[in-house]
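Novice: Show me the folded form of this:
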Amino acid sequence: MVENKKRILVLGGGFAGIECTRKLESYFIHDVNIQITLVSEDNFFLFTPMLPQVASGMIETRHIITPIRTLFVKTEFYESKIKNIDPYGKIVTLEGTSERRGISLEYDFLVLALGSQTNFFGIDKMEERAYSMKTLNDAVVLRNRVIDMLEQAENEDDPILKKSLLTFVIVGAGFAGVETAGELIDFVLDARKHYPHITREDIRVIILEAVSFILPGFNEGLAKFALKKLTQRGIEVKLNTKLSSFSGTEVIIEDVTASMKNPVNQPNIGAIQTRTLIWTAGVTPVDTIKKSVFKTKGGIIVNEFLEVPDFPGVFAVGDCCTLINPKTQKPYPGTAQNAQEEGKLVAYNLRALIKKEQKKKFGYSSRGQMAVIGKRTAIATVFGIHLHGIVAWWVWRTIYLSKIPRFDKRFRILLDWIIDLFFDRDIARLKVLRREAPKDYRELDEVDDVW
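Specialist: Below you'll find the model as predicted:
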């Protein structure tokens, strides 16, 4: 072992973790005194902005994922879940299975980039009944569900049941909710030609949003344009509407405005008959972070250097952390571009610590925002310029395609888009049989020296 070797451990293979690790490699690629290790639950990097297009069948599943091992040269990689983080002993324990022993990784510097998980706000049984749009598996499962509903509805004689099978409710009108709704209506309407007993009037796609506007943080004019286009596409957007419960067959909703005007009186309550509820309403820190010793407030509290105050040498980035923007006095948004910039800054500050140089404070202004709201229609704000319609749609595709890490993946996505212009989307439902992972978290037989 090289004397005075510094060990940098990055936890998480999302936008922030990957960007941080790539930058670290560029700094230390030839430095034998620096050991870089990355741990992720999956062995691939997922380009989450294109998840709705996977759910609609426009893009093939594997085309938006990139194997992590192909992105790095120097970095040592572990595919594993995190069992425990001990910032006092500077040790991270990885879970074991019946096939693999759990191991401990020691570090000198730690980067927490574990992202977030879906927040169901404690609504009874929502997690088991609703469909999410957070992971690649979520997109595949949702696509299968939509096709399954079409198949069942095609041969259903009961008009009420048929209507409920073809009603899809999306909770949350942020980027994920709006883009999922747009892709979903496009897919169902395109697929309808193969189901002669399903009419356009049978199909309902509904967005529920508890506030009075959609796409929070977006330019107001563009958000209104998006709302208009969604409505024209046949998507019902119910603003000031809060979901109260979901039984699996019925969504109970409340009028937020009415309850605010008359807090003493009972709120106006309605019901929507549906078998498919898609939840995109919020995120929360992953359980590993919640159970850790780090102080959290929506995420791990960090200083202006993205360093955890109580633990020097420990950094948190992306959805994993909470940092207040001094200009807006609000937390920086949990966007991919923000996560990447945080990852770059942490890599720079790690280099500064190792080289005993001055660290930089995080200060970042968004270069823009984009959202696809339907077939060849999008909204975008790029460097202060507001765009909508087919121009914004072209900008969305161009910019996001350029952000795919590898050329071969970009080319395959481009081919998927070209094919979608000339051919119908595939309506084959892939039967995914779940196999439960072995639950054998064996204790460490010994403390492994993995360095």
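
Novice: Could you list the domains of this structure?
Specialist: With domains defined by automatic domain parsing, the chain comprises 6-118+284-365, 126-281.

Novice: tell me the mean pLDDT for the last one?
Specialist: Which is domain 126-281. Across domain 126-281, the average pLDDT comes to 93.

Novice: Leu239: neighbour count?
Specialist: Residue crowding around Leu239 was assessed by other CB atoms under 10 Å; the count is 16. To be clear about C-beta, it is placed using only N, CA and C from the backbone, and glycine gets the same treatment.

Novice: In contact with the residue most central in space within the chain, which residues?
Specialist: When the chain is reduced to its mean C-alpha position, the closest residue under CA atoms, centre = their mean turns out to be Lys134, at 4.4 Å. When the contact criterion is CB atoms under 8 Å, 6 or more residues apart in numbering, the partners of Lys134 are Thr48, Gln117, Thr118, Val283.

Novice: which ones are touching the first one?
Specialist: Thr48 makes contact with Gly14, Phe15, Lys134, Ala336, according to CB under 8 Å, 6+ apart.

Novice: which residues of the stretch 201-350 of the chain fall in strands?
Specialist: When secondary structure is read from DSSP state E, counting those that start in this stretch, the stretch 201-350 of the chain shows strands at 204-208, 235-238, 241-246, 250-255, 269-273, 276-279, 283-285, 300-301, 314-316, 321-322, 324-325, 330-331.

Novice: Give me the distance from the fifth one to the chain's centre.
Specialist: Same thing as strand 269-273. Taking CA atoms, centre = their mean, to the nearest Å, one finds the center of strand 269-273 at 28 Å from the center of the full chain.

Novice: Which positions in that strand come out as buried?
Specialist: Ile272 (16 or more other CB atoms under 10 Å).

Novice: Within the sheet, what are the partner strands of that strand, with directions?
Specialist: Here strand 269-273 has these sheet partners by DSSP bridges: strand 250-255 (antiparallel).

Novice: What segments of the stretch 201-350 of the chain are helices?
Specialist: Along the stretch 201-350 of the chain, the stretches classed as helices by DSSP state H, counting those that start in this stretch are 220-232, 256-261, 287-290, 336-355.

Novice: Now Phe187: closest residue in space that isn't a chain neighbour?
Specialist: Leaving out its chain neighbours, the residue that sits closest to Phe187 by CB to CB, 6 or more residues apart in numbering is Ser56, at 3.9 Å.

Novice: Please name the residues that touch the one you found.
Specialist: Contact criterion CB under 8 Å, 6+ apart gives Arg143, Glu183, Leu184, Asp186, Phe187, Arg425 as the residues in contact with Ser56.

Novice: Backbone dihedrals for it, please?
Specialist: phi -90, psi 0 (degrees, to the nearest 10).

Novice: from memory Val317 sits against Leu114, does it?
Specialist: No. In this structure, Val317 is not within contact of Leu114 by CB atoms under 8 Å, at 9.6 Å.

Novice: ok, those two, which is more surrounded?
Specialist: More neighbours sit around Val317 than around the other of Val317 and Leu114, counting by other CB under 10 Å; the figures are 35 against 30.

Novice: hang on, the earlier thing: can you say which of the strands of the stretch 201-350 of the chain is nearest to Leu345?
Specialist: strand 314-316 (9.0 Å; CB to CB).

Novice: what's the spacing between the closest one and its chain's center?
Specialist: Centre to centre, stretch against its chain (CA atoms, centre = their mean), the figure for strand 314-316 is 21 Å.

Novice: rewinding a little: mark which of the contacts of Ser56 are buried, thanks.
Specialist: In the contacts of Ser56, burial by neighbour count holds for Arg143, Glu183, Leu184, Asp186, Phe187, counting by 16+ other CB under 10 Å.

Novice: could these be laid out in TSV, adding secondary structure and distance to Arg367?
Specialist: Supplementary listing: the buried ones among the contacts of Ser56 in TSV, determined by DSSP: H, G, I helix; E, B strand; the rest coil; distance: CB to CB, whole Å:
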residue	secondary structure	distance to Arg367
Arg143	helix	31
Glu183	helix	24
Leu184	helix	28
Asp186	helix	28
Phe187	helix	30
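
Novice: Tabulate those (a markdown table), appending distance to Ile379.
Specialist: Supplementary listing: the buried ones among the contacts of Ser56 in a markdown table, determined by distance: CB to CB, whole Å:
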| residue | distance to Ile379 |
| --- | --- |
| Arg143 | 25 |
| Glu183 | 15 |
| Leu184 | 18 |
| Asp186 | 16 |
| Phe187 | 20 |
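
Novice: now, the most widely separated pair of those residues?
Specialist: The most widely separated members of these, counting by CB to CB, are Arg143 and Asp186 (12.7 Å).
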